[in-house]
Every structure is written in C-alpha cells, then in structure tokens.
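> Let's see this in three dimensions:
(2 chains)
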There are 2 protein chains.
Amino acid sequence: MPINLASGSPDPRTVPLEDMGRLVDEILVRRGREALDYSETSGDSDVRGRIAQFLMERGIKAEYDDVLLTNGAKEAIFLVSELFSPNTVSSEEPTFQGFISTLSYRGIRAYPIPWDEQGPMLHIMERRLKALKMWADPVKYFYVIPVHNPTGWVMSLERKKYLMELAQDFDFKIVEDDIYGVFTYDSPPQSTLKSLDSEERVIYISSFSKILSPGLRVGFIAYEGEEIEKFRRLKREVNHQVSTLDQLIVGEMLKKGIIEQLLESSRSLYRRKRDLMMQSIEEFFPSSVGCTFSRGGFFTLCRGEGIISNALVTESAKRGVRVMPGELFFYSEESGRNSFRLSFSYSSEQEVKEGVKILGQLLRERR
Amino acid sequence: MPINLASGSPDPRTVPLEDMGRLVDEILVRRGREALDYSETSGDSDVRGRIAQFLMERGIKAEYDDVLLTNGAKEAIFLVSELFSPNTVSSEEPTFQGFISTLSYRGIRAYPIPWDEQGPMLHIMERRLKALKMWADPVKYFYVIPVHNPTGWVMSLERKKYLMELAQDFDFKIVEDDIYGVFTYDSPPQSTLKSLDSEERVIYISSFSKILSPGLRVGFIAYEGEEIEKFRRLKREVNHQVSTLDQLIVGEMLKKGIIEQLLESSRSLYRRKRDLMMQSIEEFFPSSVGCTFSRGGFFTLCRGEGIISNALVTESAKRGVRVMPGELFFYSEESGRNSFRLSFSYSSEQEVKEGVKILGQLLRERR
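Sure, this is the predicted structure:
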C-alpha cells in the first residue's frame, strides 16, 4: 500500500466503529421505517435542529429551518453556485479544487485574491473592488475557507472583520466554507465569519466529512436569507434528499455527544501529526523547498523553484508516496505548477514521517 | 395518522430490518474504514459489478463500468437531462412528476405522447416525428416508464419493438426508467427496452428505492455509450458520490440474495394489495369515476368528470386519506385536473380498503 499524503479524509483510526455499529442497530430497531423512508428535502427536522445546536459552538445562531442538508460540502457549493453568473464571483487563491471545478463547469471566471498568513490579502481585493465599481459587473460573491485548504493557514479575526466591512461597503455576499473550522492547533477554534454577520451576508457551508466520515454524505448550508429557498428547490431537483440513514446516524452522534468527544480527541491527534509533519519537513526537505506552517485543517502547501508538480506526483507515486499536485488549487496552471500539497490527516504517524522522508530524498536528488 | 394512498414508498413491512442491522454491523466491523471513506465517483466497483449481475435478470448485459451510481433515480434523471436542449425531448404523458419538474427546471418543453393500455401511442409519435423531420429540431430523446407511473399499465413487447424501430428510423435515444420494472402482477417481469438494444440507443435508469428503501439513496444509470463520461463528470461536480455506506448495504444485500428474496415476497404482497385496491374501487367508487387497472408498479390513476383534483386532495385529507393530485403527472395542468393517483404500496391492506371506502363516500357526496 502506498503512503497516502494526498487524501483529505480524516484519520480512519478516529472513528468509533463499534459505537457506530451499535448506534445503527438502534436506529434500525427503533426507527427503522423512518430511517429507510424519504425525508424532507431539507433533511430530517430533528437532525437539522441538532446541527443548529452544534453551530452555536461556532458562534452561529441558526434555526433548524435555516439548515439545508447536502451530499457533502461539495453539493453545498454546487447548490450555492446556482446564484453565480459570469464576472460576479471572487475567491481566495489557492483554494479547494472542488470550488475551482464548479466554476469551470459553470463557465465562470473568478477574480482570485491571494492569501498570506493572515488570510486573503484584502487590500488587493479592496483596490480591485474600487476599480470594478466603475464598471457594469460588480463582485456579488466571495468564497473563502478561513481554516485554509491547501495552506493550513488560519484567517485572523482582524482580517475577518475587514472582509465583513468590505462586504458591506461593496455589497457582496460571502460563501464561508468552514469544513476545517473546528481543527485549529495553536489556538482554540476561531470565530466564524458567520458569527460576525447580522445582515444575511454570509452563506455558511460545512459538513461532517472531516470530523466523522466523508463516506457518509452529510454536509449542509446554514443561511437565513431567502436564497435558501432557491437552494432547496435545486436540491429537490437534483436528488430530492440526503440518505436518510446517513442523516440519522449523524443526528444520533450529535445527540449522544459522540461528535463532541470525537472532535476533542481528533484535534489533539491531528496536532501531533501536524507537529510531526512540520518537523519531518524541516529534517528531510532541502532548504530550497518551502512549506506553509499549518495552523489548522489537514494540509501544508510546499513550493520550490524548478518543481514540476505533475512530474513530482508521478515520481513520488513510483516510490510509494501519494501527494497532490499544487496546480489543482490555482485558477491558472502556471501559478501552481511549482507546488504540491501534503496531508497529515489520513496516514499514520509512522507513515507521515516515512512519506516525508522519501519525498525529501526525491527532492534532493532532483537538484 | 392519516391513511397514506399518496406515497410511492415501498411497504415498510417488507424490509428485513433485523437482517439489515446485522449486515450493517458486519460492514462496519469488517470493512469499516472503506465504508466511511470516499468511494469512486461512479460508485464502489464491487457494488457496480453486483448491479451489473442483477441486471442480467432484466435481460441486460452490462459491465460494471457501464454502471454509474446516483442518489436515487431522480438524480439519474437530473444527470441525463444535462444532454437535453430545447425542443429535442419527447416523453410519455402522464409521467413521473419528477421528470416533468426536471424539464421545467431546465426550461425545456417535451412533446407529450399519450398512453393507452399497451404503452405510449406510438402511431401518434410517428406522425409527429415525420412532421418534425421537415424542421430544424428533431427529437433526440424519449423518456418512458414501461411499468408505468401513474397508471400501472405495462408496455407490451410489441409496443417496445415498435419504439425501438422508431428510435432507429428517426435516430433518437430512449431514456428507460425501469424503477417499477420488477413489479408486474399478471405476468412475469417483462423484457426491458434495454434488452432489445444493440446500438447504444437506450439509457437505462433504475434504483433500489422501490425494492428496498427510498431512504437509502442508491439509484443508477446503466449505459455503454460515451455519454456515461459526461454523466460521471457532472456527478463529480454535483456531489462527488453516493453515500458509501448506502452503496455497501445494497451491495451486500445483492450478494447475500436478500434483494432477490425481498423481490419474490414483495411481488406477491403487492399483487394482493393491487387486487384489494381494484376490488375496493369497484365496490366503493361511483361508476362516474374510472380507474386504470394496475398491472404493475404501485399505482392506479382515476378520473371522473367534474373532479377538481386539488379540491379532492384537500377534502380527502380532512377525512384522513392522502392522495396525489393528477395534474402533477401532466405537462398541462388542465389535462390532469380531473384525475388523482392512488398508491397501494405503502399502506397496510386494511388501510388500503378503508382509504378507498372513505374516498368513495367523498366522491359520491360530490355528485
């Protein structure tokens, strides 16, 4: 088996399979009919209520009716992108490859805003917004992952407040993808953009894919504005609903506090693995290759002059290590070509160290 | 609880909940990591292989790679509709409300072809196709549910052959929705259109929603033509994949022969309930209301002069009986306004009889 430093799946060792087995048994015995029948398009209302409660820990006051369940955060992005039209979208760059592919599917170009360690570089955005104001197509939506994929950087509170101000001044909405939001390693989980919002400016997206399992397809949109109706209509059109069994499993795990326990224990596991990956990079990578210091989420993004990411991916696969080519996370191939993404979430600690070591060797040989 | 003659869900008494509980336990214990991780976009390849095998009983030779799992047949329709463009689609009428709503979402109008007891009235279609041939926009796709929703009629083999000939002569593809195909009551399951196809003309859609459970979202497309790539690309864009756990549950039930047993037992159960519903209609409905004699699937469509379906739905709900307004199944509201659909699948035998009796009373009072 290759060492998988490509996957954005959670560490499979974290999931309490026995608890889960018991829980599914209980669901089938006590609520079997319900578990196997259709649910509402938005999702089971109890489960949505539990999720609204869960969101309080992210500083978000949501009613169950503001929550729409989706088949993972990917489907949430697909539904929200229904609002987009050409030239009205901006996003951070680099960003989630699934967002870039959604735009490309819809034939839409985003204005990319680069990140630094504090978040998207909003002074660049502000300048651009001022320039655009003179023209016909203003930015209407900005997509951001505050605990960032692929860099592992964490957006600062100051930067978040700045973004909220820009959104007010230039009248755009923010699509906040908080899928890694609960995983910060050098500070407690940070305030969400949504928690700073009192004007229906932030459409909040998240999922249980990174906490529990991406195979259970339970993501969601939380939004109190009228557009939620549009998302619901499209959800009904696309596939009616999320798997009822998956919904009830997540609902029960929230109710029994299993998700909360899981969060605690996996946060410290990932902190250890983050440390190990950063130390191993320090130890094994040549100094010509620089990697972002991951403060949250599952990843670090590495760059080095002369790296051709596709060649590196192929070469490292031959040596038994899977990594992600960096260009997937950029709008133009060229911007990402000399970078690659490493994940410390999925593989064991031993594999993380071993994988980085093998990569380091490869990177040194290249020179 | 109202008597539910509206739902198209299977009878919840048919699902072997204990077997299922054991099976899920086994999956989580033996293949837990896999069950909770991402699958391929098309679905787990073993599960697709099992489905390909299952399709042999429908006379279909498919490879696992021709199968793309979808979140229910509804999502299959959504994916396939990506091929449609204005004026290139025709379908039976009445038809599944979810197909009509997909077209309406895409802003597409279908040429409707009426049913008689043998299937869509293809001489009407042929006449129309000949007329259309002179013009720029030929029909490219025809949607049909051979074991029919909402009438319960079953398309004859002769009519199927006629349709295949038309498809060749006028060069269009057929979207065959076989979701009720295994449920025929006065004859063994009939040959599918797909089984008559050797030219990649039939895009086959089905699901386990009616056999097992609509809450597990496991539908699929089976098609060997190159368009399957387009569906796969869109599936990835929409939500990446079907719930892995749901996939594995269906796969294991196929493997262990549970689905086959279930099919046998539910077919005779539904035959009894069909008989009971038709007899009860005979006994309790006024002669001014005529209902289609259901030979397959879950439904009968009833019509009567002067019926206003929405008023009937409201009135019958007040008396504790839920039915579906007929106009949902027609492209123009007017065509369906004097009709309503009854289902015998979901409610118990006692409820079916009682529900029809209450409706009969209501229909008599109306006069």
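> secondary structure class for residue A:205?
strand (DSSP: H, G, I helix; E, B strand; the rest coil).
> phi, psi of the residue lying closest to it once chain neighbours are set aside?
Distance criterion C-beta to C-beta, 6 or more residues apart in numbering or on different chains; nearest residue to residue A:205, sequence neighbours excluded, is residue A:76 at 4.4 Å. Glycine gets a C-beta too; all of them are placed from N, C-alpha and C. Backbone torsions for residue A:76, taken as degrees, to the nearest 10, come to phi -60, psi -40.
> For chain A, give me the ranges with low pLDDT.
Within chain A, the segments meeting pLDDT under 70 span A:134-137, A:367.
> quick one, domains of it?
With automatic domain parsing as the criterion, the domains of chain A are listed as A:3-13+A:260-366, A:17-258.
> Tell me which of those sits nearest to residue B:191.
Nearest of these to residue B:191, taken as C-beta to C-beta: domain A:17-258 at 29.0 Å.
> What is the end-to-end distance of that closest one?
11 Å (C-alpha to C-alpha, to the nearest Å).
> quick revisit: now distance to residue B:24 too, for the domains of chain A, in JSON lines please.
Formatted as JSON lines, these follow (distance: least, C-beta to C-beta, whole Å):
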{"stretch": "domain A:3-13+A:260-366", "distance to residue B:24": "17"}
{"stretch": "domain A:17-258", "distance to residue B:24": "5"}
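> Could you export the ones you listed as JSON lines, including mean neighbour count?
Conversion of the domains of chain A to JSON lines gives the following (neighbours: other C-beta atoms under 10 Å in any protein chain shown):
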{"stretch": "domain A:3-13+A:260-366", "mean neighbour count": "19"}
{"stretch": "domain A:17-258", "mean neighbour count": "20"}
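> Residue B:47 is nearest to which of those?
Residue B:47 lies closest, by C-beta to C-beta, to one member of the domains of chain A: domain A:17-258, at 12.6 Å.
> Can I get stretch A:259-270 in PDB, CA atoms only?
Written as PDB, here are the backbone C-alpha positions of stretch A:259-270 (Å, rounded to 0.1, in the frame of the first residue of the first chain):
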ATOM      1  CA  ILE A 259     -19.200  14.000  17.700                       C
ATOM      2  CA  GLU A 260     -18.000  16.300  20.500                       C
ATOM      3  CA  GLN A 261     -15.800  13.600  22.000                       C
ATOM      4  CA  LEU A 262     -14.500  12.800  18.600                       C
ATOM      5  CA  LEU A 263     -13.700  16.400  18.000                       C
ATOM      6  CA  GLU A 264     -11.600  16.600  21.200                       C
ATOM      7  CA  SER A 265      -9.600  13.500  20.600                       C
ATOM      8  CA  SER A 266      -9.000  14.100  16.900                       C
ATOM      9  CA  ARG A 267      -8.000  17.600  17.400                       C
ATOM     10  CA  SER A 268      -5.100  16.500  19.600                       C
ATOM     11  CA  LEU A 269      -4.200  13.600  17.300                       C
ATOM     12  CA  TYR A 270      -4.000  16.000  14.300                       C
END
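> quick one: residue A:211 is in a strand?
No: assessed with three-state DSSP, residue A:211 is coil; it does not lie in a strand.
> Tell me if I'm right that it and residue A:263 touch.
Yes: using C-beta atoms under 8 Å, residue A:211 is in contact with residue A:263, at 6.2 Å.
> so what sits against both of those two?
Residues within reach of residue A:211 and of residue A:263 at once, by C-beta atoms under 8 Å, 6 or more residues apart in numbering or on different chains, are residue A:182.
> can you tell me which residues contact residue A:184?
By C-beta under 8 Å, 6+ apart, the contact set of residue A:184 is A:147, A:154, A:190, A:295-296.
> Can I get these in a markdown table including secondary structure and distance to residue A:343?
A markdown table is the format used below for the contacts of residue A:184 (DSSP: H, G, I helix; E, B strand; the rest coil; distance: C-beta to C-beta, whole Å):
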| residue | secondary structure | distance to residue A:343 |
| --- | --- | --- |
| A:147 | strand | 14 |
| A:154 | strand | 17 |
| A:190 | coil | 21 |
| A:295 | coil | 15 |
| A:296 | strand | 13 |
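> Looking at the residues you listed, spot the one nearest residue B:270.
Closest approach between those and residue B:270, by C-beta to C-beta: residue A:147, at 51.1 Å.
> Out of the domains of chain A, which is closest to residue B:130?
Nearest to residue B:130 among the domains of chain A is domain A:17-258; the distance by C-beta to C-beta comes to 33.5 Å.
> which non-adjacent residue is nearest residue A:122?
Leaving aside its chain neighbours, residue A:122 sits nearest to residue A:162 (5.0 Å; criterion: C-beta to C-beta, 6+ apart).
> What separation is there between residue A:259 and residue A:60?
Distance, residue A:259 to residue A:60, using C-beta to C-beta, to the nearest Å: 16 Å.
> whoops, residue A:243 was the one
In terms of C-beta to C-beta, residue A:243 sits 25 Å off from residue A:60.
> And for residue A:270?
For residue A:270, the distance to residue A:60 - C-beta to C-beta - is 23 Å.
> ok, now residue A:130?
Taking C-beta to C-beta, one finds residue A:130 at 31 Å from residue A:60.
> same check, this time on residue A:119
19 Å.
> how far away is the residue of the stretch 251-367 of chain A at minimum distance from chain B from residue B:364?
Here the residue of the stretch 251-367 of chain A nearest chain B is residue A:346; by C-beta to the nearest C-beta that distance is 8.7 Å. Per C-beta to C-beta, residue A:346 is found 66 Å from residue B:364.
> which residues of the stretch 101-250 of chain A fall in helices?
Per DSSP state H, counting those that start in this stretch, the stretch 101-250 of chain A carries helices over the ranges A:122-133, A:157-169, A:227-239, A:244-255.
> other SSEs contacting the helix or strand following the last one?
To tie it back to what came earlier, the one meant is helix A:244-255. Where DSSP states H and E defines the elements, the next helix or strand beyond helix A:244-255 is helix A:258-284. Under the contact definition 3 or more C-beta pairs under 8 Å, 6 or more residues apart in numbering or on different chains; DSSP states H and E, helix A:258-284 sits against helix A:244-255, strand A:299-304, helix A:349-366.
> Report all helices and strands that the second one contacts.
Packing partners of strand A:299-304 (3+ C-beta pairs under 8 Å, 6+ apart): helix A:258-284, strand A:289-291, strand A:339-343.
> my guess is residue A:120 meets residue A:156, correct?
No: in this structure residue A:120 lies outside contact range of residue A:156 using C-beta under 8 Å: 10.8 Å.
> Quick one: closest of the helices and strands packed on helix A:258-284 to residue B:39.
Residue B:39 sits nearest to helix A:244-255 of all the helices and strands packed on helix A:258-284, at 13.3 Å, using C-beta to C-beta.
> who does that closest one touch, helix- and strand-wise?
Counting contacts by 3+ C-beta pairs under 8 Å, 6+ apart, helix A:244-255 is packed against helix A:17-36, helix A:45-56, helix A:258-284, helix B:244-255.
> what angle sits between that helix and helix B:244-255?
130 degrees (axes from the mean of the first three to the mean of the last three C-alpha atoms, to 10 degrees).
> What angle do helix A:17-36 and helix A:244-255 make with each other?
Angle, helix A:244-255 to helix A:17-36, by the same axes, to 10 degrees: 130 degrees.
> Get me the contact residues on the stretch 101-250 of chain A for chain B.
Neighbours of chain B within the stretch 101-250 of chain A, by C-beta under 8 Å from any C-beta of the partner chain: A:101-102, A:105, A:212-217, A:233-234, A:236-246, A:249.
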